[in-house]
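J.: Provided below for reference: sequence and predicted model.
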Amino acid sequence: MNLLFATNPRSGLGLVSIGLPIVMFLVLSLVAPKFFSFENLGNVSNQITALLIVTLGQMIVALVAGIDISVGSVVSLTSVIVVSVDPEIAIPMAVLAGLAVGLVNGFGVVVAGVHPLIMTLASMTFLQGFALLIQTGAGGTVPSYIQRLSTGTFLGLPMSIVWSIIVVAIVSFIIYRTRFGLRMFAIGANARNVELSGVRTTWPRILCYVLCSLSGVLAGVYLTGRIATGDPMMGQSFSLDSVTAVALGGVQLAGGTGSVLGAVFGSLTLGLITNGMNLLGISPFFRGALTGLLLVGAISLQRRKAIGI
């Protein structure tokens, strides 16, 4: 079975998850004449890529019954780091920052027993404030090699597509082809049973938070290179958007159920909604309200977790 299209009871995929992006695509093709323009399709691809990267990280945490609302602030912090330090160490510094945030979140939730919502909310607040201390507004010079990584083409494909393919492939391999991936599903379904069977759950759960933070670093590097400037508010919307996208994709926020394909569908849905509103001239403030409604709707459709799934 193909890694991306792996279908089993743990995928969480349903008619809503699969149908929403298809419906949005059809609606936009009818009501927005510019939807199929080359420029707009490029914009759609660019908008969805960063969200998809963060959503895949959020999905990893959700599979072990966690949540990380600090990931948007990691995107913002990465952006200001990239334009504030020596270009030669920009990416290593951002990665180290992401590792640190993930470890702090992981230890806070798993070892100290802080509720993941509270722990990552505290991290989000601190990181956003720290990013604004480093840089109060948009600006700075982005290293040329980072701009090249985020724009242009590779083997004829836009870099946004290249980034998406690479990240989807890596996450698919981790989830479907490693023991760690198997343990993620088991821990999310019933962590207590996993511990009783003699398998330690502490480090796998911590690693999930580290991977989620690193997804924020990747998205921050990509976005900063694409817009060619640093912005301490760049990731403001990604925390809520990534949670909404995983829920729309059928990922059970209670843990144990979800799929890479679901994360892709959820990201596509939100990306198409954003693009459609831009094309139709709808206020971006309404988009935020709609995202909240979609999150509530998606969660209300999720059934309670069944033991053993």
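T.: That came through, no problem. Source: prediction; values computed, not measured.
J.: In the stretch 1-150 of the chain, where is pLDDT below threshold?
T.: 1-9 (pLDDT under 70).
J.: Kindly recompute the last result at 90.
T.: 1-47, 136-141 (pLDDT under 90).
J.: can you pull out the helices in it?
T.: Counting by DSSP state H, counting those that start in this stretch, the stretch 1-150 of the chain has helices at residues 15-31, 38-63, 71-84, 90-106, 116-134, 144-150.
J.: ranking those by burial, who's on top?
T.: helix 71-84 (a mean of 29; mean count of other C-beta atoms under 10 Å). Bear in mind the C-beta positions are built from the backbone N, C-alpha and C, glycine included.
J.: same for that helix, what does it pack against?
T.: Contact here means 3 or more C-beta pairs under 8 Å, 6 or more residues apart in numbering; DSSP states H and E; on that basis helix 71-84 packs against helix 38-63, helix 90-106, helix 116-134, helix 202-227, helix 238-248.
J.: Tabulate the ones you listed in CSV, adding columns for distance to Val23.
T.: Formatted as CSV, the helices and strands packed on helix 71-84 follow (distance: least, C-beta to C-beta, whole Å):
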stretch, distance to Val23
helix 38-63, 16
helix 90-106, 35
helix 116-134, 31
helix 202-227, 26
helix 238-248, 12
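J.: and Gly140, how many neighbours?
T.: 17 (other C-beta atoms under 10 Å).
J.: where does the stretch 151-300 of the chain dip in pLDDT?
T.: Low-confidence segments of the stretch 151-300 of the chain (pLDDT under 90): 151-158, 189-200, 236-237, 250, 252-258, 271-300.
J.: could you redo the last one with a cut-off of 50?
T.: Under the criterion pLDDT under 50, no range of the stretch 151-300 of the chain is flagged.
J.: where do the strands sit along it?
T.: For the stretch 151-300 of the chain, strands defined by DSSP state E, counting those that start in this stretch occupy the ranges 153-154, 157-158.
J.: so of those strands, which one's packed in deepest?
T.: Most buried of the strands of the stretch 151-300 of the chain, by mean neighbour count (mean count of other C-beta under 10 Å): strand 157-158, with a mean of 14.
J.: strands paired with it, and their directions?
T.: With DSSP bridges as the test, strand 157-158 is paired with strand 153-154 (antiparallel).
J.: Could you dump the helices of the stretch 1-150 of the chain into CSV with distance to Gly256 added?
T.: CSV is the format used below for these (distance: least, C-beta to C-beta, whole Å):
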stretch, distance to Gly256
helix 15-31, 16
helix 38-63, 7
helix 71-84, 21
helix 90-106, 19
helix 116-134, 15
helix 144-150, 35
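J.: Indicate which one of these is closest to Pro232.
T.: Pro232 lies closest, by C-beta to C-beta, to one member of the helices of the stretch 1-150 of the chain: helix 116-134, at 4.1 Å.
J.: Tell me which other helices or strands the closest one touches.
T.: Looks like helix 116-134 contacts helix 71-84, helix 90-106 (3+ C-beta pairs under 8 Å, 6+ apart).
J.: switch the cut-off to 10 Å
T.: Contacts defined by 3 or more C-beta pairs under 10 Å, 6 or more residues apart in numbering; DSSP states H and E place helix 116-134 against helix 38-63, helix 71-84, helix 90-106, helix 202-227, helix 238-248.
J.: Alpha carbons only: can I get the second one in CSV?
T.: Once side chains and other backbone atoms are set aside, the C-alpha atoms of helix 71-84 remain, and they are given as CSV (Å, rounded to 0.1, in the frame of the first residue of the first chain):
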residue,chain,number,x,y,z
VAL,A,71,3.9,26.1,16.6
GLY,A,72,2.8,29.4,15.1
SER,A,73,5.1,31.3,17.4
VAL,A,74,7.9,29.0,16.4
VAL,A,75,7.3,30.0,12.8
SER,A,76,7.5,33.7,13.8
LEU,A,77,10.7,33.2,15.9
THR,A,78,12.3,31.3,13.0
SER,A,79,11.6,34.2,10.7
VAL,A,80,13.3,36.8,12.9
ILE,A,81,16.2,34.5,13.7
VAL,A,82,16.9,34.0,9.9
VAL,A,83,17.2,37.7,9.3
SER,A,84,19.0,38.6,12.6
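J.: I'd like to check the angle between it and helix 38-63, please.
T.: 120 degrees (axes from the mean of the first three to the mean of the last three C-alpha atoms, to 10 degrees).
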